[in-house]
Each structure stands twice: as structure tokens, then as C-alpha cells.
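Sequence and predicted structure below; questions after.
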Amino acid sequence: MDLGFLWEAVQRIVPGVPVTLQLAFLSVFLGLWLALALAIMRLSRILPLDWLARVYVFVFRGTPLLIQVFLIYYAAPQIPGIRSTWAWIYLREPYWCALLALTLNTAAYASEIIRGGLLSVPRGQVEAGRACGMSGLLLFRRVTAPIALRQALPGYANELILMVKATSLASVITLMEITGLAHKMISETFRAIEVFIVAGAIYLLLNFVITRLVAALEWRLSPHLRRVPHAPPSIDALR
């Protein structure tokens, strides 16, 4: 193993980290709002909204993300009249096409995570909040949302990690993130093993940091995990 070449690969691939993180975090952030709307549609008990959300989730979870990226990047420009609208300003750029595909995809998965978190809130705590005079937005903000957030956080952290790895698909539409720079270096050096080892190590490091940050947030949002158990009383104290 050539350590000098590995270090050169690190120096050439690391500049793609900001693009990878931007795609991952922006898609998860934007997808969160769409996922929240989809989850509310599923729980609204309004049949047309429920089925519309079901179809959306079924389509985007049932088709490969790579095909979704291709459809947005290659098929969208072929829509009649699209080039004369404001949307063409964004759809002609690989970055925005990749961001749109990742956002639409993660929203489908995140909506089910959010829906599961909302459904996991104990009915008794909701009734207790109502008994205290809470209703509507206040009940959601003080009772439902905090509990649902704690329940959904592990699943949403997993979705964030998946999005970091999914950004590698943006390289197929010429976006120079981590995998794109790795492919470029391989085409110049023909040393695929070393380059992919470095790229994989960078992804591993990024996801390790994310898991630690999410674990810290989960600990912060879970007061019962921070309680120090009381030591049993000594014999002298019992006398």
C-alpha cells in the first residue's frame, strides 16, 4: 500500500466533503417539511389527502433513487415549455437536480418516521395535557411534539446517514462531491482500490461524527437518561 498515494487521494477527495454535506443536510432539512405535511395528510382522516400521501410514499420508496435522479436531470428538460419557465434556472444545474431528487426521496421515508413518532405518543399523556387546559397548538408543542421527537430521532438519524451515502449517486450527473472526485482521480491514475478505500474512510468518518452528534442530542432530549441512580442507604444510616 502506497502511503504517499493515499495521502494524495485524501487531499484530492476532501474538497468534495462540503458539497456532500450540503446535499445531505439541505435535502434532509427541506424534506423534513414535506415529510411533516405528508404525515399530517396520512393522519388527517381525509381520504383524498390520505391516498395522495400514500401514493407519493409508495412511488418514491418503491423506485430506486438513481432512477429518480436520472428522471429529474434528463427527463425534466424534455417537458414542453420547461425551458421558458423559472424552473429551468435550477433544473439545468446538476446540483439543484440532485438536491431535488434527494429531497423528494427522503421526504417519503421521513414521513413514515414522523408518522410513527406521532402515533407512539401515549394517549394518556395527551389526555393529561387536555385535562390541564391545553388544546390545539399548545398541546402539540408541549406534549405531542417533544415525545414524538424523541421517538423519531433514532430513525431520523438513520435517514440522515443514508442521505450522506446517497449523495454519492450525484456523481452520475457530473457533480463533483466525494464519489465524483474519486471517479475523476481513478480515471487519471487507474488505482481504484486505494482511491475507493480513501473515499470509504471519509464517508465512515462523516457518519461517525453524525452518530455521535445525534447520540448527544438524544441524551439531551431524554432527561431520564441523565438521572444518576441514588446510592443505597448505608447500614449506619438505617440505624
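Great, that's in hand.

so how far is residue 144 from the spatially most central residue of the chain?
Closest to where the C-alpha atoms of the chain average out (CA atoms, centre = their mean) is residue 160, at 3.1 Å. Applying CB to CB, to the nearest Å, the value for residue 160 to residue 144 is 22 Å. All C-beta atoms are positioned from the backbone trio N, CA, C, and that covers glycine.

same deal with residue 133?
Counting by CB to CB, the gap from residue 133 to residue 144 is 15 Å.

by contact count, what packs against the longest helix belonging to the chain?
With secondary structure taken from DSSP state H, the chain has its longest helix at helix 192-220. On a contact count with 3 or more CB pairs under 8 Å, 6 or more residues apart in numbering; DSSP states H and E, helix 192-220 meets helix 3-13, helix 17-43, helix 145-166, helix 178-189, helix 223-226.

now do 6 Å
helix 3-13, helix 145-166, helix 178-189 (3 or more CB pairs under 6 Å, 6 or more residues apart in numbering; DSSP states H and E).

rewinding a little: of residue 133 and residue 144, which one has the most company?
residue 144 (17 against 8; other CB atoms under 10 Å).

Quick one: residues contacting the more buried one.
Applying CB atoms under 6 Å, 6 or more residues apart in numbering to residue 144 gives the contacts residue 121.

Same check on residue 36?
Counting by CB under 6 Å, 6+ apart, the residues that residue 36 touches are residue 114.

how close does it sit to residue 219?
From residue 36 to residue 219 the distance is 24 Å (CB to CB).

Over to residue 4?
For residue 4 relative to residue 219 (CB to CB), the value is 41 Å.

more neighbours, the two?
Using other CB under 10 Å, the more surrounded residue of residue 4 and residue 219 is residue 219, with 11 against 7.

low pLDDT regions in the protein?
Under the criterion pLDDT under 70, the flagged ranges of the chain are 1, 223-239.

Could you find the closest non-adjacent residue to residue 164?
Excluding its sequence neighbours, the residue lying closest to residue 164 (CB to CB, 6 or more residues apart in numbering) is residue 24, at 4.5 Å.

quick one: the one you found and residue 162 touch, right?
No: counting by CB atoms under 6 Å, residue 24 does not reach residue 162; the two are 9.2 Å apart.

helix or strand right after the helix or strand harbouring residue 68?
According to DSSP states H and E, residue 68 maps onto helix 65-70. Where DSSP H and E defines the elements, the next helix or strand beyond helix 65-70 is helix 88-91.

So which bits of the next helix or strand after that next one are buried?
Per DSSP H and E, the first helix or strand lying C-terminal to helix 88-91 is helix 94-119. Residues of helix 94-119 classed as buried under the neighbour-count rule (16 or more other CB atoms under 10 Å) are 94-95, 97-115, 117-118.

Give me the helices and strands touching helix 94-119, please.
For helix 94-119, the packing partners by 3+ CB pairs under 6 Å, 6+ apart are helix 17-43, helix 47-62, helix 65-70, helix 145-166.
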